[in-house]
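> have a look at this prediction, sequence included:
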Number of protein chains: 2
Amino acid sequence: MIESLNNERIKEYAKLNQKKYRDDTNMFIIEGTHLVEEAFKNNIVVDAFSLDDKYTKVSEEVMKKLSNLDTPPKYLAICNKIEEKNINGNVLILDGVQDPGNLGTIIRSSIAFNIDTIILSNDSVDLYNTKVLRATEGMIFNINIIRRDLNEILPNLKDKYTIYTTNVVNGTNLSDIKVKTPFALIMGSEGNGVKDSIASYADESVYISMNTKCESLNVGVATSIILYEFSK
Amino acid sequence: MIESLNNERIKEYAKLNQKKYRDDTNMFIIEGTHLVEEAFKNNIVVDAFSLDDKYTKVSEEVMKKLSNLDTPPKYLAICNKIEEKNINGNVLILDGVQDPGNLGTIIRSSIAFNIDTIILSNDSVDLYNTKVLRATEGMIFNINIIRRDLNEILPNLKDKYTIYTTNVVNGTNLSDIKVKTPFALIMGSEGNGVKDSIASYADESVYISMNTKCESLNVGVATSIILYEFSK
């Protein structure tokens, strides 16, 4: 049983709560019974810790040091990042989505509505942020998620995909869209929307018709509604 | 300028961060420039504080004591709760929704898709929770939101409304629904769904068709997609 907060292994792993160390090592921390199980099923576990004897036993203090949750979990694993696959099928592109809960929600909806690849811009929240992982409820393993410079990748997608984005002023009502597949849908951040340089790659823009009393929808909701409509 | 954390007014108001005191006094705290402005427009402000001279000036420490945010806001107001109006128009009923962010998101989507009244069950998260208020982005003032015992209110709604709920097993595909208005849509909590006793009041059940790899949608997303489809 590891009880010391100065244990070298624990000290190294605890650094993975910072994005910099996750990027440097290509590893991340996953927390909670269900997520740890999923990580094992997907053969990405490097090391695992528990408050009981299931894995390497650690004290509550040590678990707290590794964990990012208010209440430390019973099980926690150190994992290799999931391997990125080639871009395939229908694609969702997220330009600067910052909120971890929103990204988690969008990943769940993407799987529900048959997106095959999600491309995160370099300025989007880290996929391996604990809050993102929790919000996806383990579904992160069911979809190909990659991180790219959108300005580099979009010219290549342009030939193979019909590219959609949102535009309240010049768009087509979502309900009237006959979606052409394979498609790539670009969604922006909640505050700023899609950057102009990125939106310029779109072939068609859509808007969600709504009551003018509502200033805007949550970006997770807007993305999900468009994906729902595109999947019909 | 108020600098003392022991100031009686500040001590009393700080208690409003607890639901019990909000219920006892019928008051709540609203934070941030935009929300405070909206509160003034709606004539519910009892007292207001600021780090500058705009309202009663307070020190950062005092603002921190009143605030529920990690970074205390520049402006904060003490308000009377918004008056409940009679149930009218299309209705959304939330049975035990606990997550503040989800409730905030659902309120925004309800306004977007022409819901007139939201009924929260007694075991739902408090509307006046800071996180709910922030997630609504001030749109809380654009819709009638009331809190009731659902078992008491549903028999009365039954005569006037077509009541819908969700059911993955026996429901109709959402895309095939011809909604009858006025409607009341009952949505449940993320973990447990709609309670059986509450679901039994429904005239019709719907489900959102999705890839079987996805176990469930976020409740804010599911509610928003149904409201979007019902509003078409």
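Ah, there it is. Numbers count the residues shown, from 1 in each chain, chains lettered A, B, ... in the order given.

> report the helix or strand with the lowest average pLDDT across chain A.
Across the helices and strands of chain A, mean confidence by mean pLDDT, DSSP states H and E is lowest for helix A:130-136: a mean of 90.

> near chain B, which residues of chain A?
Residues of chain A lying close to chain B by C-beta under 8 Å from any C-beta of the partner chain are A:101, A:105, A:108-109, A:111-114, A:135, A:137, A:139, A:142, A:175, A:208-211, A:213-218, A:220-221, A:224-225, A:228, A:231-232. In short, each C-beta sits where N, CA and C put it, glycine included.

> go with 6 Å
A:105, A:109, A:111-112, A:114, A:142, A:175, A:210-211, A:213-214, A:217-218, A:221, A:224-225, A:228, A:232 (C-beta under 6 Å from any C-beta of the partner chain).

> now intersect those with the helices, please.
A:Thr105, A:Ser109, A:Ile111, A:Ala112, A:Val221, A:Ser224, A:Ile225, A:Tyr228 (DSSP state H).

> excluding chain neighbours, what is closest to the third one?
The one in question is A:Ile111. Beyond its immediate neighbours in the sequence, the residue positioned closest to A:Ile111 (C-beta to C-beta, 6 or more residues apart in numbering or on different chains) is B:Cys214, lying 4.3 Å away.

> would you list every one of the helices in chain A?
A:8-14, A:19-25, A:33-41, A:60-66, A:100-112, A:130-136, A:150-160, A:196-199, A:219-230.

> and those helices, which one is worst for confidence?
Among the helices of chain A, helix A:130-136 carries the lowest mean pLDDT, a mean of 90.

> what packs against it?
Where contact means 3 or more C-beta pairs under 6 Å, 6 or more residues apart in numbering or on different chains; DSSP states H and E, helix A:130-136 is packed against helix A:100-112.

> which strands and helices sit next to the helix it packs on?
helix A:130-136, helix A:219-230.

> could I get the ones you listed in JSON lines, plus columns for mean neighbour count?
Formatted as JSON lines, the helices and strands packed on helix A:100-112 follow (neighbours: other C-beta atoms under 10 Å in any protein chain shown):
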{"stretch": "helix A:130-136", "mean neighbour count": "22"}
{"stretch": "helix A:219-230", "mean neighbour count": "25"}
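
> looking at these, which is nearest to A:Ala184?
Counting by C-beta to C-beta, A:Ala184 lies closest to helix A:219-230 out of those; the figure is 10.9 Å.

> got the contact list for that closest one?
A:102, A:105-106, A:109, A:113, A:174, A:179, A:187, A:190, A:208, B:105, B:109, B:221, B:224-225, B:228 (C-beta atoms under 6 Å, 6 or more residues apart in numbering or on different chains).

> greatest separation within those: which pair is it?
A:Val179 and B:Thr105 (24.8 Å).

> so for these two, which sits in the more crowded spot?
Taking neighbours as other C-beta atoms under 10 Å in any protein chain shown, A:Val179 and B:Thr105 compare with B:Thr105 leading, 28 against 18.

> that one touches A:Cys214, doesn't it?
No - counting by C-beta atoms under 6 Å, B:Thr105 sits too far from A:Cys214 to count as a contact (11.7 Å).

> what residue spans form the domains of chain A?
A:8-80, A:91-230 (automatic domain parsing).

> off-centre distance for the shortest one?
Taking C-alpha atoms, centre = their mean, to the nearest Å, one finds the center of domain A:8-80 at 19 Å from the center of the full chain.

> can you get me the start-to-end distance on it?
This stretch, domain A:8-80, spans 19 Å end to end (C-alpha to C-alpha, to the nearest Å).

> over to the last one?
As for domain A:91-230, its first-to-last residue distance stands at 12 Å under the measure C-alpha to C-alpha.

> next one: the least confident helix or strand of chain A to chain centre, how far?
Worked out by C-alpha atoms, centre = their mean, helix A:130-136 lies 8 Å from the chain centre.

> likewise stretch A:95-114?
Distance, centroid of stretch A:95-114 to centroid of chain: 6 Å (C-alpha atoms, centre = their mean).

> can you check stretch A:5-20 too?
23 Å.

> out of everything not next to it in sequence, what's closest to A:Asp149?
Closest to A:Asp149 by C-beta to C-beta, 6+ apart is A:Asn122, at 5.7 Å.

> I'd like the distance between that neighbour and A:Ile87.
According to C-beta to C-beta, to the nearest Å, A:Asn122 and A:Ile87 sit 16 Å apart.

> same question for A:Glu215.
Distance from A:Glu215 to A:Ile87, by C-beta to C-beta: 34 Å.

> what's the answer for A:Val62, then?
If you go by C-beta to C-beta, the gap between A:Val62 and A:Ile87 works out to 40 Å.

> any idea how many residues pack against A:Arg108?
26.

> quick revisit: and of the helices and strands packed on helix A:100-112, who's closest to B:Leu16?
helix A:130-136 (27.5 Å).

> residues contacting that closest one, please?
By C-beta under 6 Å, 6+ apart, helix A:130-136 touches A:Asn68, A:Pro100, A:Gly101, A:Leu103, A:Gly104, A:Ile107.

> surely the second one touches A:Val125?
If I follow you right, that is A:Pro100. Yes - using C-beta under 6 Å, A:Pro100 is in contact with A:Val125, at 5.3 Å.

> model confidence for A:Gly138, exactly?
84.

> what does A:Cys214 give?
pLDDT, read off for A:Cys214, is 88.

> report how many residues lie close to it.
Around A:Cys214 there are 20 residues (other C-beta under 10 Å).

> separation between it and A:Thr71?
Distance from A:Cys214 to A:Thr71, by C-beta to C-beta: 36 Å.

> ok, now A:Asp159?
A:Asp159 is 50 Å from A:Thr71, by C-beta to C-beta.

> equivalent analysis for A:Thr162, please.
46 Å.

> and the two? Which one has more around it.
The neighbour count for A:Thr162 versus A:Thr71, taken as other C-beta under 10 Å, is higher for A:Thr162 (16 against 8).

> skipping adjacent residues, who's closest to the more buried one in space?
Using C-beta to C-beta, 6+ apart, the nearest residue to A:Thr162 is A:Lys180, at 4.2 Å.

> show me what contacts A:Thr162?
Here A:Thr162 is in contact with A:Lys180, A:Phe183, A:Asp203 (C-beta under 6 Å, 6+ apart).

> is it bridged to anything, and to what?
A:Phe183 (DSSP bridges).

> nearest residue to A:Ile29 in space, please, no chain neighbours.
Per C-beta to C-beta, 6+ apart, closest to A:Ile29 is A:Leu16, 4.9 Å.

> and A:Tyr21, by the same measure?
Counting by C-beta to C-beta, 6+ apart, the residue nearest A:Tyr21 is A:Lys15, at 4.2 Å.

> what is the neighbour count of the one you found?
14.

> A:Ile93 and A:Met187 touch, don't they?
No - assessed by C-beta under 6 Å, A:Ile93 is found out of contact with A:Met187, at 7.2 Å.

> compare these two (neighbour count), which wins?
A:Ile93 (27 against 24).
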